[in-house]
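>>> next one to model:
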Amino acid sequence: MTASPSLRKIRFIIEPKQVIEGAGVRLRRSFSADPSNPFDPFLLFDHFGFQNPVQGPIAGFPTHPHRGIETVTYMLRGFIRHRDSLGNVDTIGPGDIQWMTAGGGILHEEMPRQDEAGLVDGFQLWVNLPAAQKMLPPRYQGVTADTIPTVERDGVLVRIVAGEFEGVRGPVMKIAAQPLYLDITLQPGATVTLPIPAGHSALAYLFEGEAVFGTDDPDESFLVPAVHLIAFEDGDQLRVQAVPSDGGLSLSKPAAQGKPDSHARFMVFAGAPFREPVVPYGPFVMNTREEIMQAFRELQDGTFVKNSAI
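The predicted model follows:
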């Protein structure tokens, strides 16, 4: 007999903290790489808004190394110019994404350019690589907005970057974590239910409006306003409902009160955990301290990048 699908309960809700990285970039950071690896296979999630609020001269991320991870940059507004040691030179704009597999070592830079309103806004996610793939040759996947498929129905709009939703697959392929990476907009009152394999980690980042996350039990349903990250317990479905325009929801545990009249927009990312030791240090995430030290030795002696086109 097949068991009924189980809705994922909320594990906890995170309010991002402001940090400064790169050449003075102000970020909203929900979590960063840590040996406890609580969101395996996801290591870090940042929401950057270079000029919102205004923070002086435009800043960015000059040339720096990565090893052992994948970096995923998704743009909402403005542009990022990418250049790396494989020879890739690319500019990504609103709705574009770059999925860079650092593997055994890559050098790259990410420099912003404002839109007409003076804004640069987007996200960066770090995804771990399993030990067997940490030293493979690096790879770059640049995906433009017009090649990202969408599914739209009943007040729900889903952009599918990686993984599958309602039989539609995203363009990012061959990623070890088997990720689901979605950009979802809900009109007031609309509901979306996402199948997610049991055992996979699942997170949502609400950055516009507010929505209800949780199960059918009012004690396990939470009204969450932007800007928050929601981590979920295990299960095989994730459900989100935007608040109806008349505010017609009764919840015993609102995370916060807000105006019940706006749409909701959020990212969802889920993936298969590797359940391996994690040793993070700056731009490197490896499995042992010795591997981290080796990366620094190679940087010093000029042997870090082994697949360079420039």
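>>> for the rest of this, base every contact and every neighbour count on C-alpha atoms.
OK.
>>> what's in contact with the least confident helix or strand in the chain by mean pLDDT?
Here the helix or strand of the chain ranked lowest by mean pLDDT, DSSP states H and E is strand 17-21, holding a mean of 84. Outside of strand 17-21, the residues that reach it under the criterion Cα atoms under 8 Å, 6 or more residues apart in numbering are Arg26, Leu27, Arg28, Arg29, Ser30, Phe61.
>>> Leu194 - how many residues pack around it?
15 (other Cα atoms under 10 Å).
>>> contacting residues for the residue nearest the centre of the chain?
Of all residues in the chain, the one closest to the mean position by Cα atoms, centre = their mean is Leu125, 3.9 Å from it. For Leu125, the contacting residues are Phe42, Leu43, Leu44, Phe45, Asp46, Thr71, Val72, Thr73, by Cα under 8 Å, 6+ apart.
>>> name every strand pairing with the least confident helix or strand of the chain and say which way it goes.
Applying DSSP bridges to the sheet, strand 17-21 is found paired with strand 25-31 (antiparallel).
>>> immediately after the strand it pairs with, which helix or strand?
Sequence-wise, the next helix or strand beyond strand 25-31 is strand 42-49, with elements assigned using DSSP states H and E.
>>> could you check the angle strand 17-21 makes with that following strand?
90 degrees (axes from the mean of the first three to the mean of the last three Cα atoms, to 10 degrees).
>>> run the chain-centre distance for strand 42-49.
When C-alpha coordinates are averaged (Cα atoms, centre = their mean, to the nearest Å), strand 42-49 and its chain have centres 6 Å apart.
>>> now do the helix or strand just after that strand, average pLDDT.
In the C-terminal direction, the helix or strand that comes right after strand 42-49 (DSSP H and E) is strand 61-66. Per-residue confidence for strand 61-66 averages out to 86 on the pLDDT scale.
>>> which secondary structure elements does strand 61-66 contact?
Counting contacts by 3 or more Cα pairs under 8 Å, 6 or more residues apart in numbering; DSSP states H and E, the secondary-structure elements packed against strand 61-66 are strand 106-113.
>>> considering the contacts of Leu125, which possesses the most neighbours?
Phe42 (28 neighbours).
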